[in-house]
Every structure is written in C-alpha cells, then in structure tokens.
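Participant: here is my input; please provide its structure:
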Amino acid sequence: MIGQFGFSRRTLLGSAVVLTALPGLAASGAVTRDAALVALLDDIARSNDPARGMDALRAFDPKGLSPVRRLDLLTVCAGLATDARMVAQWPWAVPGHSPWPVSPRAGLWRHGGASNVPNAAAQIDTETRSLSIAAQHGVILAHAALEETLAGLEKAAAMAKGDVGRALQRQAAMLAAQRETAPARAGLTHCPSGAKYYTLMLERALGKAIAPEMAHRRAESVSRALVQRADTLFRLIGMADGSTGERFRELARDPRYLYADSDAGRDRAVADMNHRLARVKTWLPTAFADLPPAIDHVAARRMSPADEAAGRGGYRIVPPADGSGEGGYFVDLSHIRQRPSWTLPSVVHHELLPGHMVQMPIEAAADPHPLRLDHAAAFTEGWAVYAERLMLEEGAFEGAPLAELGYIQWALFRVGRALADTGIHHRGWTRAQAVETLRDLQGEGVIFAPLEEDVARIALEPAIRSAEFLMADSLGSMRADAADIRAFHSAVLVPGSLPLTLVEQVTRGII
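Facilitator: Numbers count the residues shown, from 1 in each chain. Prediction:
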C-alpha cells in the first residue's frame with residue numbers, strides 16, 4: 001500500500017536476531033578483553049606483516065569480547081588471510097592499494113616535491129625499489145599513464161632540492177627505463193598472474209570471494225534491466241528515439257530542468273533538495289529502528305562563495321550521532337547548469353537520507369577499529385548506493401518519471417563503473433572501450449567524474465568500483481528476502497561497516 005508522502009510501505013512481519021549491543025554497554029570483563037584486542041590490532045596495523053598478524057589473531061581468545069569487537073576480530077582475521085596471499089604473490093604491492101607503486105595517482109612526487117614529508121628521500125627510494133620489483137614481475141604502467149607520471153615526476157624533481165630532488169631524479173630514471181616495455185593497454189590482464197591478483201583484490205574489497213566473470217555478468221544483467229526501464233520512462237515523457245545515452249544527453253540540455261546560473265538558482269536547487277529531505281525524514285521510522293538523533297541535524301547546504309568559485313567538489317560533514325552538532329552535504333553547484341533538477345532527488349538519498357547520513361553516525365557510535373574498516377572497503381559506498389535503490393523500491397519516485405530517470409542515470413553510473421572495472425582488469429578492455437560503454441549507458445559523465453578521468457582512475461585502482469556495486473546489489477537482494485525490514489537494517493548498520501560475508505551472517509542471525 002501507499003504510505004504518507006507517497007512512499008509505498010512494506011508489511012513488516014516476523015523478526016530476526018539482531019546485533020544491537022555497543023561497546024559502551026559491555027560489562028567490565030568485556031571492556032578489558034576489548035582493550036586487549038584493540039591493542040593487538042594497533043600493533044598489527046603498525047607491523048605491516050599480514051601473515052604474522054593473522055596468526056596472532058587466530059591465537060586470540062574471543063571469549064568475553066563485546067559484539068562490535070568480536071566483529072573486528074572476525075573481519076581482520078579473514079582480511080589478513082587474503083592480504084597474506086596477495087603479498088606472497090606480489091611482495092611489493094600494499095593490499096588495498098593500487099599494485100602500481102608510482103602512477104598519476106600514487107607516489108610522493110604528487111606532494112609538491114615532498115619537501116615537507118619526514119624522511120621523504122628514503123620513502124621515495126623505497127617506492128623506486130618497488131617499481132623495480134614490480135617490473136621484474138611484469139607489472140608496469142601502461143604507456144599513457146607512464147608518460148603522464150613521468151612528466152609530473154620530472155617537474156616535481158626540478159622543484160625539489162637536496163636529497164629529495166636526487167631521489168626523485170632516480171625515480172624518474174627508473175620509470176623512463178620502463179618505456180620500452182610499457183604495455184599499450186591499461187589494467188591487469190597484460191600482467192603475469194594479473195588475473196589471480198585481481199581476483200584477490202576483488203575479494204578483499206568486497207569481503208567475499210567472487211569470480212570476476214560472475215561480477216561482470218551480474219553488472220551486465222543489472223544494466224540491461226535499467227536500460228529497459230529507462231526506455232519505458234523516456235517513452236512516457238515523449239522521448240522515444242535514440243539510445244539511452246543519447247536521450248540522457250538530450251534531457252540534460254532541456255532548459256525546463258536547468259537551474260539559473262545565479263545565487264537564486266543555487267538557492268532553489270538546495271531548497272528543492274531539502275524539500276525532498278523533509279519528506280524522507282517522516283518516512284524513515286517505517287524502515288529503520290535505530291535512527292540516531294543526528295538525522296534531525298542534517299541538510300543539503302550551499303558551499304561558501306569562495307568554494308563555489310573555486311569549483312570545490314561536494315563534501316559532507318557528519319554530525320555527532322547524539323545530535324549535538326549540525327552536519328550535511330555541501331553540494332557542488334559551481335557548474336549548476338550541469339545539475340538538472342531531475343538528477344538531485346537521488347543525490348539526496350545517497351548523500352543524506354537514508355544514505356551516508358544514516359550509516360555514518362551509527363557507525364561512529366559503534367566505533368569499529370580502523371583495521372576492520374580497511375577490510376570492509378566497499379561497505380560505506382555500497383550502503384549509499386543501496387539507499388537509492390531502497391527509495392526507488394519504497395515508492396519515492398512513484399508518479400515522477402523524471403526523478404526516476406535521475407535515479408536510473410545514477411544507477412547506470414555505478415553499474416557502468418563496475419563494468420569498466422571488470423572490463424579493463426578482467427576482460428582486457430581498452431580505456432576507450434570503457435569510456436564508450438559508460439557514454440552509451442549514462443550519456444555524459446556526472447559532474448564530479450568526467451568519463452575519461454573516471455576510467456583512467458578505474459584503470460589504476462582495480463576492484464573497488466566492482467566491489468561497491470556488488471555490495472549494494474547484495475544488500476538489495478538480502479533485503480528482498482528479509483521478513484522485517486527494520487530488523488534487517490539494524491543488523492546491517494548497528495555493528496558498523498562489515499565485509500559482505502559477515503553482513504550475510506549478521507542478517508541471518510548466525511553471529
């Protein structure tokens with residue numbers, strides 16, 4: 001049935017075992033055990049030795065731990081096992097980071113010559129040794145990325161002085177020597193054992209083993225369904241001709257849906273977002289049992305004039321969970337003509353409610369250890385993408401085909417990133433193929449991720465975009481099977497970020 005404010009309401013039946021205890025509720029014995037585990041996790045984080053860390057955690061007695069710390073233990077122990085396999089295969093690579101130690105997105109050269117970084121020269125030489133070891137394993141930057149990195153590196157070396165400048169010069173020489181063997185295509189498919197390493201990277205980011213081919217096919221299936229729904233909606237508003245991307249481009253240029261490039265136009269865009277946000281707040285209790293007071297202190301907000309003039313990207317301030325401070329999403333409106341009105345409703349659900357501004361305050365209250373967060377990398381963004389889908393399926397876009405098309409364009413942006421990820425690193429796509437795939441699906445790039453730049457980033461940061469898509473998709477599938485949506489959301493959110501394997505277990509009441 002349809003609830004207040006037009007949102008369809010589920011019938012909430014049954015119950016589930018839900019993990020609700022937080023560290024502050026633990027008995028004194030649990031506090032003592034918690035402190036011992038936190039100290040051990042801190043030591044492991046400093047040691048940078050996943051095999052030894054895994055052995056230490058396996059020997060740790062979990063008896064008496066609070067629920068949140070027990071999940072820290074389970075997450076990090078499993079994550080370090082994956083890390084140990086990664087380090088054994090490619091010893092220079094840092095699990096969770098790009099396997100290319102120096103690139104357009106990695107290396108101390110990017111920090112203005114690194115003159116203010118302690119022991120910078122020694123760190124740069126360590127990077128250079130990693131470059132050499134990686135090359136011996138056949139892991140070399142693709143030609144275009146290599147040339148971009150070398151140009152920046154040489155500029156940084158010219159700016160730096162003393163030992164730092166000489167270290168950067170040595171690094172530039174090492175990179176220049178790799179020109180002759182640099183592959184033409186980006187990605188891991190041309191690297192010896194690159195397929196195996198990509199599989200491990202995907203497992204680490206998602207928190208569950210999955211074959212890259214299965215991940216790619218799932219993304220293809222979801223994209224086909226979204227394109228089919230988009231076609232129905234486009235026909236409904238009188239746009240029957242053209243591909244999905246072509247019609248999105250045409251709709252994005254329609255002056256009826258563009259805000260004025262003025263203070264008044266920007267104020268109106270933020271007001272429209274906050275109008276939707278107010279409706280969402282009244283609906284949230286139907287789907288969430290553990291809402292923090294912080295949700296009453298979030299809003300869409302304008303940036304300062306200086307930030308808008310500088311073209312600063314959107315950012316969020318998360319308020320304290322107890323509601324003792326203000327927060328919100330500061331939306332990037334410097335290029336407001338690239339922000340059609342129909343694209344903003346889904347931004348509200350992703351960046352504010354029930355997306356990041358529900359999940360992040362709850363997680364802050366749980367206080368998971370940073371090592372757990374490192375091994376649950378896809379959760380936070382996966383939740384926010386799931387939140388958009390949740391609002392679609394709860395009726396937030398009913399009777400509003402333009403707003404639903406906005407949701408679909410954002411969903412195609414996410415699934416397109418996943419396709420580009422597995423396409424480049426598993427199927428051997430060129431960057432041009434990936435760009436064309438994204439253009440066909442979503443039209444132009446979103447305001448903060450131009451297509452070419454986004455694909456270049458994906459080519460250097462394997463697995464994370466696919467993992468985020470898979471996390472969101474899995475949350476949606478699990479919710480569809482849940483007897484009680486409120487209990488499901490409590491099980492997912494109250495413990496803080498988790499790898500997918502543990503999300504599945506807590507929602508089933510297994511742990």
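Participant: phi, psi of the residue in the chain sticking out farthest from the centre?
Facilitator: Centroid-distance maximum for the chain: residue 162 at 38.8 Å, with Cα atoms, centre = their mean. When read as degrees, to the nearest 10, the backbone of residue 162 gives phi 60, psi -140.
Participant: the nearest residue to it once chain neighbours are set aside and residue 103, how far apart?
Facilitator: Spatial nearest neighbour of residue 162, chain neighbours left out: residue 121 (7.9 Å); criterion: Cβ to Cβ, 6 or more residues apart in numbering. In short, each C-beta sits where N, CA and C put it, glycine included. Distance of residue 121 to residue 103, computed by Cβ to Cβ, to the nearest Å: 20 Å.
Participant: go on, residue 509?
Facilitator: 44 Å.
Participant: tell me which of these two has more neighbours.
Facilitator: More crowded of residue 509 and residue 103, by other Cβ atoms under 10 Å: residue 103, with 24 against 13.
Participant: low-scoring stretches of the chain, by residue?
Facilitator: The chain contains residues with pLDDT under 70 at 1-30, 112-115.
Participant: the residue nearest to residue 162 is in what secondary structure piece?
Facilitator: helix 120-136 (DSSP states H and E).
Participant: buried residues, stretch 236-245. List them.
Facilitator: By neighbour count on 16 or more other Cβ atoms under 10 Å, the buried set for stretch 236-245 is 239, 244, 245.
Participant: this protein: strands as residue ranges?
Facilitator: Ranges of strands within the chain are 298-302, 315-317, 327-331, based on DSSP state E.
Participant: name every strand pairing with the shortest one and say which way it goes.
Facilitator: By that I understand strand 315-317. Here strand 315-317 is paired, per DSSP bridges, with strand 327-331 (antiparallel).
Participant: between the partner strand and strand 298-302, how many degrees?
Facilitator: Using axes from the mean of the first three to the mean of the last three Cα atoms, to 10 degrees, the direction of strand 327-331 lies 30 degrees away from that of strand 298-302.
Participant: which parts of the stretch 251-400 of the chain are helices?
Facilitator: Taking DSSP state H, counting those that start in this stretch, the helices of the stretch 251-400 of the chain run over residues 263-283, 305-310, 344-347, 356-366, 370-374, 379-393.
Participant: nearest to residue 166 among those helices would be which one?
Facilitator: Nearest to residue 166 among those is helix 370-374 (33.5 Å), distances taken as Cβ to Cβ.
Participant: closest one of the buried residues of stretch 236-245 to residue 336?
Facilitator: Ranked by distance to residue 336 (Cβ to Cβ), the buried residues of stretch 236-245 are led by residue 245 at 22.3 Å.
Participant: I'd say the closest one and residue 440 touch.
Facilitator: Yes. Counting by Cβ atoms under 8 Å, residue 245 does reach residue 440; the two are 4.7 Å apart.
Participant: break this protein down into its domains, please.
Facilitator: 1-99+196-511, 108-125+141-187 (automatic domain parsing).
Participant: let me see the contact set for residue 390.
Facilitator: Counting by Cβ atoms under 8 Å, 6 or more residues apart in numbering, residue 390 touches 287, 349, 354, 476, 479.
Participant: highest neighbour count among those?
Facilitator: So for those (other Cβ under 10 Å), the most neighbours sit at residue 354, 28 neighbours.
Participant: and that residue, how close does it get to residue 385?
Facilitator: From residue 354 to residue 385 the distance is 12 Å (Cβ to Cβ).
Participant: any idea how far the residue nearest the centre of the chain lies from residue 467?
Facilitator: The chain has residue 381 as the residue nearest its centroid, 4.0 Å off, counting by Cα atoms, centre = their mean. Distance of residue 381 to residue 467, given as Cβ to Cβ: 9 Å.
Participant: would you list the domains of the chain in a markdown table and tack on distance to residue 131?
Facilitator: Shown next, in a markdown table, are the domains of the chain (distance: least, Cβ to Cβ, whole Å):
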| stretch | distance to residue 131 |
| --- | --- |
| domain 1-99+196-511 | 8 |
| domain 108-125+141-187 | 5 |
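Participant: which one of the buried residues of stretch 236-245 sits closest to residue 151?
Facilitator: residue 245 (32.1 Å).
Participant: so residue 97 sits right up against residue 106, yeah?
Facilitator: Yes. Using Cβ under 8 Å, residue 97 is in contact with residue 106, at 7.3 Å.
Participant: those two: who's more crowded?
Facilitator: residue 106 (18 against 11).
Participant: what's near enough to touch the nearest residue to the more buried one once chain neighbours are set aside?
Facilitator: Distances taken as Cβ to Cβ, 6+ apart put residue 98 closest to residue 106, at 5.4 Å, once the chain neighbours are dropped. Contacts for residue 98 (Cβ under 8 Å, 6+ apart) come out as 105, 106, 460, 461, 462.
Participant: how about a cut-off of 10 Å?
Facilitator: Each residue near residue 98 by Cβ atoms under 10 Å, 6 or more residues apart in numbering is listed here: 105, 106, 201, 457, 459, 460, 461, 462, 464.
Participant: around the closest residue in space to the fifth one that isn't next to it in sequence, how many other residues sit close by?
Facilitator: If I follow you right, that is residue 459. For residue 459, ignoring the flanking residues on the chain, the nearest one in space by Cβ to Cβ, 6+ apart is residue 186 at 3.7 Å. By other Cβ under 10 Å, the residues close to residue 186 number 24.
Participant: can you check residue 421 too?
Facilitator: Look at residue 421: counted by other Cβ under 10 Å, it has 33 neighbours.
Participant: so it touches residue 202, yeah?
Facilitator: Yes. Counting by Cβ atoms under 10 Å, residue 421 sits close enough to residue 202 to count as a contact (8.6 Å).
Participant: can you list residues touching both of these two?
Facilitator: With Cβ under 10 Å, 6+ apart as the test, residue 421 and residue 202 both reach 212, 215, 462, 463, 464, 466, 467.
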